[in-house]
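[1] Below: sequence and its predicted model.
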Amino acid sequence: MDKKAKNQFEKADGQLRKANEELYKPQEDIVSFLVCKNTLLAIENYLKGYLSNRGYETKNEESLDLLLERCRLLDKRFNQIDLSVIDCSSDHQNHTFCEDPKKVNSCFEKADQLDNLLRGMGII
């Protein structure tokens, strides 16, 4: 695995872990912004890591939807991942984040699903 892909997977893993730690706090102590932000960054880094691992370049301004579509073109197993629960997936870099605990939990589940897919594929 190339260094760039490895770095992106490591960042994604750390971001997902931070989001998970926040979700395990008592409901009234959860900071939804932290879950949302870390989850979105994890998804982005997992997708970019996969593309980098396959030898493709990515751009900072690419949306999660576009990154996922590029991954789907390379491997149909990415069709299992549905980011439609993430309202900001087409423009996640607009610095607006969810405050609804149910929504951020759904987003976290998608990031976790992506992590499991990549692990199941033996990539990370």
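    Everything's here; your move. Remember, it's a predicted structure, so these values are computed and weren't measured experimentally.
[2] what's the neighbour count on residue 45?
    25 (other C-beta atoms under 10 Å). From N, CA and C alone the C-beta is placed, and that goes for glycine too.
[3] which residue packs closest to it, ignoring adjacent ones?
    residue 12 (3.6 Å; C-beta to C-beta, 6 or more residues apart in numbering).
[4] Hmm, residue 45 is touching residue 11, no?
    Yes: the criterion here is C-beta atoms under 8 Å, and residue 45 meets it with residue 11 at 4.8 Å.
[5] Output the below-cut-off pLDDT ranges for this structure.
    Residues of the chain meeting the criterion pLDDT under 70: 87-102.
[6] now the farthest one out in it, which residue is it?
    residue 28 (24.7 Å; C-alpha atoms, centre = their mean).
[7] Just the element for the nearest residue in space to residue 6 that is not next to it in sequence, please.
    Distance criterion C-beta to C-beta, 6+ apart; nearest residue to residue 6, sequence neighbours excluded, is residue 49 at 7.8 Å. In the assignment (DSSP states H and E), residue 49 maps to helix 32-53.
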